[in-house]
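1. output the structure for:
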Amino acid sequence: MSLISSWLRIRFWKRVAAGFVLGAFAGWLLGPAAATWFGPLGDLYVTLIKMIAVPLIFFAVLHSVSSLHGVKDVAALGGRTFAWFAATATLAVLVGLLVAHVTQPGLGVEGLTTPAGWKPKVVPEPVKVLLDIVPANPFRALSEGKILQVIFFAGLLGLALVKIGEKSARLRTLVTEANDGMIQVTRFVLEVTPLGTFGLIAALVGAYGFEKLLPLATFVGALYLACALQIMVVYGGLLLTHGLNPLKFFRAAFPAMQVAFTSSSSFAAMPIALRSVVSNMGVKEEYAAFAVPLGASIKMDGCGAIYPAISAVFIAQYFHLDLQPAQYMVILLASVLGSFGTAGVPGTATVMVTLVLSSAGLPLEGIGYLVAIDRILDMMRTMTNVTGQMVVPVLVARERGILDLEVYNRASSELVVEGERG
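-> Okay, here's the model as predicted:
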């Protein structure tokens, strides 16, 4: 028992970092066998996260909407949130195009082969995606984990509780208690993160090694560089323009960024991101509970903006095609608008590349070359997604005067798992 207590006293981010390093070493040492031995640890962790994601979102959104009287200018908050989603996505596309233009990832690459059985993704019609936000059966949406449908139904039910006023007081109290209960369950699950990180990284390193990365090393480097610039320069610069210290943001966001990188899942990182935004950054909970889950569904700067932009340039260079100014504009518009239109669609990154290449008139066959290294790419893409999903609520809260600067300025990376604001 003392050993467990000693382990838990170590800072959360250090435990996760230790899991990452030890997992990489185990994967390198055991090779493909690491996936057999340690992969189940990662699978168990991802399953636990999936277990809590839907009820956490449901009660968080229901609680926040049913408490709308505590938030001023609700319409303005929603409008500014979407505006910043679009603005940061636009900047992400421009960063991706700039890095691709400088690094030229498709030049000198020859003889790539498409993985066996790969087929291009079918891009759903925009109207179908829009209609699918409304659940025909809310309970089915909950059981199947359709996040946008869960958000829609929870929001609608929350508005109903507000509308009927004091008659819903006991139910609203119950919702608050259920929300608190899910937060505590989330803390329990997050303690497994170091072990899950160990299993995921060990299996990844063991399965990939370095031979699969060498032919596309420039592409991988370009994506990682573009994502790093988006996180450090774009997000950091926006925080500075709002009078906020970026280092404090990154310290508070670091646990969620770690989980996003190792799990390659915005929804896996969403519980930590939500608690970080509220407890570590000082964003009002009623707003954060709406903005963060929504961002996890439609805010994809890594997958939906940077990755399609660099992929389009890579494929054009690989097939020796010259991109015209009009095509660059199409890439920009398709990436920004498409990321909203493909919200909730499985395999968002691949769907987005399919959409952008189709819009720009580029060969879809080139996507298959990137599938073999998608897991390596997805780690950095997802970390960028999740960082953007935390930046926007902070920016909007700062603009609307609902950011607790005292909490933000003390910037802890531990409150997310050890407790809430006092």
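
2. for the rest of this, base every contact and every neighbour count on C-alpha atoms.
-> Will do.

3. so where's the stretch 1-150 of the chain uncertain?
-> Along the stretch 1-150 of the chain, the model assigns pLDDT under 70 to residues 1-2, 4, 7-8, 13, 68-75, 109-126, 129.

4. can you check the stretch 151-300 of the chain too?
-> Along the stretch 151-300 of the chain, the model assigns pLDDT under 70 to residues 208-215.

5. Three-state assignment for residue 362, please.
-> Three-state assignment for residue 362 (DSSP: H, G, I helix; E, B strand; the rest coil): coil.

6. distance-wise, check it relative to residue 300.
-> The spacing between residue 362 and residue 300, counted by CA to CA, to the nearest Å, is 22 Å.

7. so which of these two has more stuff around it?
-> Set residue 362 next to residue 300 and count neighbours by other CA atoms under 10 Å: residue 300 wins out with 34 against 19.

8. now residue 312: closest residue in space, sequence neighbours ignored.
-> Of all residues beyond its chain neighbours, the one nearest residue 312 is residue 357 (6.3 Å), with distances taken as CA to CA, 6 or more residues apart in numbering.

9. how close does the one you found get to residue 367?
-> Separation of residue 357 from residue 367 (CA to CA) stands at 9 Å.

10. with residue 99 instead?
-> For residue 99, the distance to residue 367 (CA to CA) stands at 19 Å.

11. farthest residue from the center of this protein?
-> Ranked by distance from the centre of the chain (CA atoms, centre = their mean), the top residue is residue 167, with 37.8 Å.

12. pop out the phi and psi values for it.
-> When read as degrees, to the nearest 10, the backbone of residue 167 gives phi -60, psi -20.

13. and for residue 132?
-> Dihedral angles (degrees, to the nearest 10) for residue 132: phi -70, psi -10.

14. just the buried positions in the helix ranked longest in the chain, please.
-> In the chain, taking DSSP state H as the definition, the longest helix is helix 33-66. For helix 33-66, the neighbour count (16 or more other CA atoms under 10 Å) marks 33-35, 38-39, 41-42, 44-46, 48-49, 52-66 as buried.

15. do stretch 151-170 as well
-> So for stretch 151-170, counting by 16+ other CA under 10 Å, buried means 151-155, 157-159, 161-162.

16. of the residues you listed, closest to residue 374?
-> residue 151 (28.6 Å; CA to CA).

17. doesn't residue 56 make contact with that closest one?
-> No - contact between residue 151 and residue 56 fails when scored by CA atoms under 8 Å: they sit 10.8 Å apart.

18. need the contact list for residue 289.
-> Residue 289 makes contact with 57, 60-61, 64, 274, according to CA atoms under 8 Å, 6 or more residues apart in numbering.

19. same check, this time on residue 175
-> 59, 62-63.

20. in a helix, that's where it is, yeah?
-> Yes - counting by three-state DSSP, residue 175 falls inside a helix.

21. any idea how far it lies from residue 292?
-> 19 Å.

22. ditto for residue 379
-> Per CA to CA, residue 379 is found 19 Å from residue 292.

23. please identify which of those two sits among more neighbours.
-> residue 292 (26 against 21).

24. what separates whichever strand or helix holds that one from the chain centre, distance-wise?
-> Following DSSP states H and E, one finds residue 292 within helix 285-298. Taking CA atoms, centre = their mean, to the nearest Å, one finds helix 285-298 lying 11 Å from the centre of the chain it belongs to.

25. does residue 288 touch residue 393 like I think?
-> Yes - shown here, residue 288 and residue 393 form a contact pair, counting by CA under 8 Å, at 6.5 Å.
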